[in-house]
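[1] need a structure here:
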Amino acid sequence: MTMNAQEKLVDWIDAHFDEQVAFLQEVIRIPTDTPPGNNAPHADAVATMIEALGWSAEKHAVPEQAVRDYGMESITNLIVRRPYAAGGPTIALNAHGDVVPPGDGWVHPPYGAVVEDGYIYGRAAAVSKSDFSTYIFAVRALEALGVPLKGGLELHFTYDEEFGGLLGPGWLLEQKLTRPDFVIAAGFSYNIVTAHNACLQLEVTVHGKSGHGAMPETGHDALQAATRILNAIYGQLPELKKIKSKVAGIDSPTMLVGRIDGGTNTNVVPGKVVLKMDRRMIPEEDPVAVEAQVRALIEDAVRDEPGIRVEIRRLLLSHALRPLPGSDKLVASLQKNGRQVIGEEITAQGTPLYADARLYGEHGIPAVLYGAGPRTVPESNAKKADERLALEDLRKATKVVALTLLDFFGR
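    Numbers count the residues shown, from 1 in each chain. Predicted structure coming up:
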């Protein structure tokens with residue numbers, strides 16, 4: 001493909017950048033806090049925005065009962081198909097619209113999409129509503145060239161990443177609604193992510209027996225038993241630090257308890273305590289073996305506690321993302337175009353985070369993560385107050401993705 005086509009692509013993105021930022025503002029302004037996960041309204045709005053561009057968006061609503069059983073309220077996933085001439089690959093671009101709730105401490109309104117001093121602020125400005133706009137405008141730029149294209153492109157906008165993706169990309173794949181040859185999924189920094197950790201999340205319910213605070217011996221203290229479990233979990237951390245991954249960008253496994261609920265009142269022996277815990281696994285670990293170890297650790301901690309019963313429920317078991325044959329082609333193209341647009345070497349490495357891109361990998365589809373973001377994830381305040389994205393980073397990522405699509409389709 002000629003340099004002239006590349007220049008036209010880049011120029012189109014610059015000429016339409018104000019429109020792209022306005023599009024992203026609309027995407028951010030519709031809340032999708034998950035939980036509770038009432039995300040179909042956002043999908044409906046995005047589908048309307050896409051149709052205003054002259055494209056067609058397929059709405060794939062996950063059955064309500066399945067969504068409720070899963071712990072969310074509504075999910076509609078979107079597929080936009082852009083078929084070109086025969087003879088090329090099908091590439092899917094995937095970004096998720098569900099977000100963690102904003103939390104406290106914001107200076108800018110979390111759903112205001114305020115633009116100030118070259119940044120756009122808002123929940124999911126960086127992860128990953130930003131890439132709704134990155135991917136749509138990269139594809140629009142590609143098609144505006146008017147050159148012959150071979151293959152097919154799909155946009156997948158899904159709404160279940162924060163709960164694990166099983167009713168997002170997982171559902172689209174299980175329903176055989178899509179089977180691309182390659183996937184680029186939403187990124188969070190300049191780096192291309194080629195591998196990520198696995199994740200096990202468990203809900204641990206400690207059952208005891210309530211009793212009057214003046215006579216605690218009449219009850220069985222679930223919180224006291226839960227403390228033993230907490231000590232056992234956190235006592236394992238030094239051992240986990242000794243386990244090292246060989247994947248660049250990934251260090252050691254981690255484990256934490258992220259939420260605790262329990263008790264009825266200040267003067268009552270707690271009869272029930274619920275812990276929610278997260279165990280991140282490096283790609284080299286076996287998730288089945290790790291889950292068995294963690295369950296044994298919890299059960300052993302309270303085995304001799306009278307009147308105490310423990311119930312362990314798996315909330316999530318996500319597998320690691322590992323490079324598959326073909327992912328090197330995506331990486332090479334993204335790195336080449338990254339050098340050209342950003343003027344520096346874009347690294348390809350693993351990340352301790354986990355994402356729903358792994359579900360494409362589980363179906364044998366090579367996937368990498370790349371999209372709009374800063375040099376390092378913490379710079380964006382992702383999942384914290386005042387999450388933000390530098391507009392220039394949005395512009396650069398859109399150009400890199402568009403040039404990469406040109407490499408694959410414009411032959």
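[2] tally of neighbours for residue 103?
    The tally of other residues near residue 103 (other C-beta atoms under 10 Å) stands at 11. Every residue, glycine included, has its C-beta placed from N, CA and C.
[3] Please list all residues in contact with it.
    When contacts are counted by C-beta atoms under 8 Å, 6 or more residues apart in numbering, residue 103 touches 384, 385.
[4] Could you check how far it is from residue 385?
    Using C-beta to C-beta, to the nearest Å, residue 103 is found at 6 Å from residue 385.
[5] just for the stretch 251-400 of the chain, where's the confidence low?
    Scanning the stretch 251-400 of the chain for pLDDT under 70 picks out no residues.
[6] who's in contact with the residue nearest the centre of the chain?
    Relative to the mean C-alpha position of the chain, the nearest C-alpha, by C-alpha atoms, centre = their mean, is the one of residue 355, at 4.1 Å. The contact partners of residue 355, by C-beta under 8 Å, 6+ apart, come to 161, 165, 185, 186, 193, 196, 321, 369.
[7] Okay, and which of those residues map to strands?
    185, 193, 196, 369 (DSSP state E).
[8] before we move on, back to that, specify the local secondary structure of the residue nearest to the centre of the chain.
    The three-state label for residue 355, taken from DSSP: H, G, I helix; E, B strand; the rest coil, comes out as coil.
[9] Check residue 5 too.
    Reducing the assignment at residue 5 to three states with three-state DSSP gives helix.
[10] what's the neighbour count on residue 220?
    Neighbour count of residue 220, defined by other C-beta under 10 Å: 22.
[11] quick one: contacts for it?
    Contacts of residue 220 were listed using C-beta under 8 Å, 6+ apart, and they are 208, 209, 211, 269, 271, 305, 306, 307, 308.
[12] what are the phi and psi angles of it?
    Main-chain dihedrals, residue 220, degrees, to the nearest 10: phi -120, psi 110.
[13] Look at the closest residue to it other than its chain neighbours and tell me its secondary structure.
    Ranked by C-beta to C-beta, 6 or more residues apart in numbering and with sequence neighbours excluded, the top spatial neighbour of residue 220 is residue 307, at 3.1 Å. Assigned by three-state DSSP, the conformation of residue 307 is coil.
[14] What is the neighbour count of residue 307?
    In terms of burial, residue 307 registers 12 neighbours under the definition other C-beta under 10 Å.
[15] Touching, it and residue 208? I think so.
    Yes. Counting by C-beta atoms under 8 Å, residue 307 sits close enough to residue 208 to count as a contact (6.0 Å).
[16] which residues in the stretch 301-411 of the chain form strands?
    Here the stretch 301-411 of the chain has its strands, by DSSP state E, counting those that start in this stretch, at 309-318, 348-351, 367-369, 388-390.
[17] Ok, which of the ones you listed comes nearest residue 122?
    strand 388-390 (7.8 Å; C-beta to C-beta).
[18] And the closest residue to residue 281 other than its chain neighbours, how far from residue 171?
    Leaving aside its sequence neighbours, residue 281 sits nearest to residue 198 (C-beta to C-beta, 6+ apart; 4.0 Å). As defined by C-beta to C-beta, residue 198 lies at a distance of 20 Å from residue 171.
[19] Show me which of these two is the more surrounded one.
    Comparing residue 198 with residue 171 by neighbour count (other C-beta under 10 Å), the higher total belongs to residue 198, at 24 against 21.
[20] hey, which strand is longest across this structure?
    The single longest strand within the chain, with elements called by DSSP E, is strand 85-96.
[21] Let's test this: mean pLDDT of that one, rounded?
    Per-residue confidence for strand 85-96 averages out to 97 on the pLDDT scale.
[22] Report the distance from the helix or strand following that strand to the chain centre.
    Past strand 85-96, further along toward the C-terminus, the next helix or strand under DSSP states H and E is strand 115-116. A distance of 25 Å separates the centroid of the chain from that of strand 115-116, by C-alpha atoms, centre = their mean, to the nearest Å.
[23] so residue 59 sits in a helix?
    No. Judged by three-state DSSP, residue 59 forms no part of a helix; its state is strand.
[24] For it, give its distance to residue 8.
    When distances are taken as C-beta to C-beta, residue 59 and residue 8 turn out to be 33 Å apart.
[25] cool, and residue 175?
    Distance of residue 175 to residue 8, computed by C-beta to C-beta: 38 Å.
[26] So for these two, which residue has more residues nearby?
    residue 8 (17 against 11).
[27] Dihedrals phi and psi, the more buried one?
    Backbone geometry at residue 8, expressed as degrees, to the nearest 10, gives phi -60, psi -40.
[28] so what's the closest residue to it other than its chain neighbours scoring on pLDDT?
    The shortest distance from residue 8 to any non-neighbouring residue, by C-beta to C-beta, 6+ apart, is to residue 145 (5.7 Å). Model confidence at residue 145, given as pLDDT, is 96.
[29] what about residue 145, how many neighbours?
    Using other C-beta under 10 Å, the number of residues around residue 145 comes to 18.
[30] what's next to the helix or strand where residue 23 lies, contact-wise?
    Following DSSP H and E, the helix or strand that holds residue 23 is helix 17-29. Residues outside helix 17-29 that contact it (C-beta under 8 Å, 6+ apart) are 13, 42, 45-46, 49, 97, 111-113, 115, 120, 122-125, 129-130, 132-133, 136-137, 391, 394-395, 398.
[31] Helices along this structure, start to end?
    If you assign secondary structure with DSSP state H, the helices in the chain sit at 3-15, 17-29, 40-51, 64-70, 130-144, 169-174, 222-235, 237-241, 287-301, 327-342, 358-362, 391-409.
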